[in-house]
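A.B. asks: build the 3D model from these lines:
(one chain, ligands or ions: 2)
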Amino acid sequence: MGDQAAPAPITVEQHLERILAAVEPLPAAAQPLMDALGLAAAEPVTAPHSLPAFDNSAMDGYAVRLADVVTATLESPVHLPVVGAIGAGAADLRVLPEGTAAKIMTGAPVPEGCDAVVPYEWTDRGAEHVRIDRAPELHQHVRAAGEDVTEGDLVIEAGTVLGPRQLGLLASLGHARVAVRHRPRVVVLSTGSELREPGQPLGHDSIHDGNSYLLAAAARRAGAVAYRVGIVPDQPEAFLAALEEQLVRADVVVTSGGVSMGDYDVVKAALRPLGTVWFGPVAMQPGKPQGFGHVGEDRVPIFTLPGNPVSAYLSFELFVLPALRKMMGLTPWSRPAVSARLTHAITSPPGRRQLLRAHLDPADGTVSPVGGPGSHLVGGLADADALVVVPEDVTALEAGAVVSVLPMDSGLEGGH
Ligand code: AMP
Ligand code: MG
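C.D. replies: Ligands and ions are numbered 1, 2, ... in the order given. Alright, predicted model coming up:
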């Protein structure tokens, strides 16, 4: 019985479905506003008070009673004594006596009795007395309490992604915290005895560890908290020891390397005996060898991504990103695709979904492949900004064909 017989590949969708079924949104808790940037509100938020909270001036000018100035014209101005100045945050004058005016600054509360503000431009800007050359209309330049938000209004629905504008509103309403789901803590491990830290010298047979930076940065950009553990040699005991040590701080583990058919496939060798991690081919290129399951007492989800950097990154995009988004309570889980016309003819292997690195030109709706199909081509990966998705049953496309494209830097970030 050939235990070397390769299992039949599962589809990208099957793999993703299995992953999404295995992860749940993390618990929510009230967090300081700045920590919630890019996350979804876990609960609806109502307004504890109205906005504006009080009637206030929309201009720098004079608070008046309309009845006192209604006859004012350039030819026949009205003169009023100025009884005080009302500044934003410095509003001692609460009531405007009849027959008087008070200087008032933008945002300052209008005193009782005042029903219009005359802008400086219609006056002589007098300090003791003011000359008013034009009559305002009722409530002119007065911002009414509650005209924007009314106390008790639902201002943020559960699930709303909290960007700068939403956080600004929450702060304006006096909320110092907002309930959001915890950011997943993602532990990133690179495996490979050939790997060296950037900054370290290389031997004739070693390379720098690009993947742990690639994947930790991707996790952080997605909104997660990334712990880049760095390099683990190709020894199952060393890998299991590193994993064990890291599990206490992990909501997700992402490894790279050691899952293909080589003689030193450390991740497979270490995790297979546990029986809790599935390994197998997924019908995609690059990124065919995949693994997903859980490890440790707390059943921490683990993604064992292939070692080639392009494969690792595309696997992150297709499988890890959606899982992290689900854990953060964010939808959609995957990047939205756009359509574009190919600038060049391409070929693709049968039975596998190909993801070609490409440049997307949104202005003219075209997409041009960059670099080659090799999964080691990190230069091409960094140069590209999109992926052309070639379906499993398509083996060739002419220039001009309309294809589905995933922009790799589209606004799907839970950034923080
Ligand atoms: P593996 O699946 O471990 O055989 O790795 C496949 C290829 O990816 C090999 O050429 C590795 O040297 C390379 N590779 C694995 N891990 C990394 C990494 N962290 N950074 C850069 N290249 C890697
Ligand atoms: Mg390796």
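
A.B. asks: now residue 129: how far from residue 177?
C.D. replies: Relative to residue 177, residue 129 is positioned 50 Å away (C-beta to C-beta, to the nearest Å). C-beta: built from backbone N, CA, C; applies to glycine.

A.B. asks: swap that for residue 204, please
C.D. replies: Taking C-beta to C-beta, one finds residue 204 at 55 Å from residue 177.

A.B. asks: out of these two, name the residue with the larger neighbour count.
C.D. replies: Legend: neighbour count by other C-beta atoms under 10 Å for residue 204 and residue 177, higher for residue 177 (13 against 4).

A.B. asks: dump the residue contacts of the more buried one.
C.D. replies: Counting by C-beta atoms under 8 Å, 6 or more residues apart in numbering, residue 177 touches 30-33.

A.B. asks: which residues of the stretch 151-300 of the chain lie near ligand 2?
C.D. replies: 192, 257-258 (C-beta under 5 Å from the ion).

A.B. asks: leaving out chain neighbours, which residue sits closest to residue 217?
C.D. replies: Computed as C-beta to C-beta, 6 or more residues apart in numbering, the closest residue to residue 217 that is not its neighbour in sequence is residue 226, at 7.4 Å.

A.B. asks: so which strand or helix has the one you found?
C.D. replies: strand 225-232 (DSSP states H and E).

A.B. asks: next SSE after that strand?
C.D. replies: helix 236-247.

A.B. asks: what is that next one packed up against?
C.D. replies: Judged by 3 or more C-beta pairs under 8 Å, 6 or more residues apart in numbering; DSSP states H and E, helix 236-247 is in contact with strand 185-191, strand 225-232, strand 252-256, helix 266-271.

A.B. asks: so which bits of that helix are buried?
C.D. replies: Buried residues in helix 236-247, counted by 16 or more other C-beta atoms under 10 Å: 236, 239-240, 242-243, 246-247.

A.B. asks: and which of the residues you listed is nearest ligand 2?
C.D. replies: Distance to ligand 2, by C-beta to the ion, is smallest for residue 239 among the buried residues of helix 236-247, at 10.8 Å.

A.B. asks: on that earlier part again, near ligand 1, from the residues of the stretch 151-300 of the chain next to ligand 2?
C.D. replies: Here is what survives when those are matched to ligand 1 using C-beta under 6 Å from any ligand atom: 192, 257-258.

A.B. asks: pretty sure the residue nearest to residue 217 is touching residue 216, no?
C.D. replies: Yes. With contact defined as C-beta atoms under 8 Å, residue 226 reaches residue 216; the gap is 4.0 Å.

A.B. asks: tell me, what's touching these two both at once?
C.D. replies: Both residue 226 and residue 216 are in contact with 186, 188, where contact means C-beta under 8 Å, 6+ apart.
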